[in-house]
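Peer 1: predicted coordinates and the sequence they were generated for:
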Amino acid sequence: MTSVLFDAPGPRARRRHLLYGAVATLGIAATAGYVVVRLAGAGQFTPAMWEQFGYAGVQRRILIGALDTFKAFALAVVCSLLLGLLLAAGRMSGHRALRGPATVLMEFFRAMPLLIMIFALYNTGWLRSCVASVAHVLRADLGWPGSWLADNFASPTLWALVIGIALYNGSVQAEILRAGAEAVPKGQREAAYALGMSRAQVAVSVVLPQAVRSMLPSMVGQIVVTLKDTSLGFIITYEELLYAGKLLAQNTATPSGYPYIPVLLVVGPIYIGMCLVLSACARRLARQRGRPVRARRARRGRDHDRNPPGGRPADRSQVFAGGGGGNHAARTRPPLEEIRRCPPTATRTIPIPPGM
């Protein structure tokens, strides 16, 4: 018995694979037990190490760090998707003046290390001056809504992190969109051009929806990477979740030392939980977008037959015999028994005159 790519394992191979799995499991369990024993010997599981997490102030600080992480993540996702759409459009443009700069920007931002971009943006004076000017305008012209926006969003560290993440992930999203657009068959573009659609209409109405649908798993995977990239904000002292945990560990002294390991064991699952929520939403969205339209139409047709507009279920035999009404009778298939009862079509032989 064979599959497409390899032969199915036999009894001896299955026993060997089971042995390999058992050995690997025992090795992982032994490593985890050794780490736990060493941490317990270092006093990392003593009550004094975990006592700080029972205070309301510490819990509030962790919650504020998680909200700041989500704020930077949301801004970075929006900016990276917009930038990726613009770069992908420029990369696929027929004009060399647009295609060349878009290609250079994509390759440059993809090759540049993200941490270097964030640190460089944080140390530039123009970013600080721009953020300060925008905050002054918001407070002076918009009243209390402007003051709220300035207090929550006018931060140089926030925008250095957001712009750096958006530049890197936007270039990656642009490459993903370009690959999805090139995967659309050329026949669909040619058919759209034959219908009289312009190049912009073809890109927006034909190519882009199919590219997004086919590349949705890759795009969501890059969005999850964007969430994890926000943890680099602690390098420039942006008060996100990891920076909040670092402050808690540095400012809490116990007889066994500083609680770095307990903080990591609390902060790490929060990151993992947010990533799992994003992945679950992505899987749900992919299932909904990938569901065939024909299946949905067939299900709606079955529901319509069971519950017609008049409120009374249709009898297929009556509909076939002439009962029922109007369009519903035309849309309803006759049952197989009625088809079998129909007599065959009579044929008539036409005699051919002699001499023809």
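Peer 2: It's in.

Peer 1: can you list the low-confidence ranges for the stretch 51-200 of the chain?
Peer 2: Applying pLDDT under 70 to the stretch 51-200 of the chain picks out no residues at all.

Peer 1: try it again with 80
Peer 2: Counting by pLDDT under 80, the stretch 51-200 of the chain has low-confidence residues at 93-94, 199-200.

Peer 1: ranges for the helices of it?
Peer 2: Remark: helices of the stretch 51-200 of the chain, listed N- to C-terminal, are 56-91, 96-111, 114-122, 125-141, 143-153, 156-183, 186-194, 199-202; assignment by DSSP state H, counting those that start in this stretch.

Peer 1: buried sites along the first one?
Peer 2: Residues 58, 61-62, 65-66, 68-69, 71-73, 75-77, 79-81, 83-85, 87-91 are the ones in helix 56-91 that count as buried (16 or more other C-beta atoms under 10 Å). Using the backbone N, CA and C atoms, a C-beta is placed for each residue, glycine as well.

Peer 1: related to what we said a few turns ago, export the helices of the stretch 51-200 of the chain to JSON lines and tack on distance to Val225?
Peer 2: Compiled in JSON lines, the helices of the stretch 51-200 of the chain are given as follows (distance: least, C-beta to C-beta, whole Å):
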{"stretch": "helix 56-91", "distance to Val225": "10"}
{"stretch": "helix 96-111", "distance to Val225": "13"}
{"stretch": "helix 114-122", "distance to Val225": "10"}
{"stretch": "helix 125-141", "distance to Val225": "24"}
{"stretch": "helix 143-153", "distance to Val225": "23"}
{"stretch": "helix 156-183", "distance to Val225": "7"}
{"stretch": "helix 186-194", "distance to Val225": "31"}
{"stretch": "helix 199-202", "distance to Val225": "31"}
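
Peer 1: deepest of these, which one?
Peer 2: Among those, the stretch with the highest mean neighbour count (mean count of other C-beta atoms under 10 Å) is helix 156-183, at a mean of 23.

Peer 1: now the residue nearest the centre of the chain. Nearest residue, chain neighbours left out?
Peer 2: If you average the C-alpha coordinates of the chain and look for the closest C-alpha using C-alpha atoms, centre = their mean, you land on Val220, 2.1 Å from that point. If the residues on either side of it in the chain are set aside, Val220 comes closest to Ala282, at 3.6 Å by C-beta to C-beta, 6 or more residues apart in numbering.

Peer 1: give me the angle between the helix or strand hosting the one you found and helix 56-91.
Peer 2: Remark: Ala282 resides in helix 260-290, with elements defined by DSSP states H and E. Using axes from the mean of the first three to the mean of the last three C-alpha atoms, to 10 degrees, one finds that helix 260-290 and helix 56-91 are set 40 degrees apart in direction.

Peer 1: just the mean pLDDT for helix 260-290, thanks.
Peer 2: Averaged across helix 260-290, the pLDDT comes to 82.

Peer 1: Ala211 belongs to a strand?
Peer 2: No - assessed by DSSP: H, G, I helix; E, B strand; the rest coil, Ala211 does not belong to a strand; its assignment is helix.
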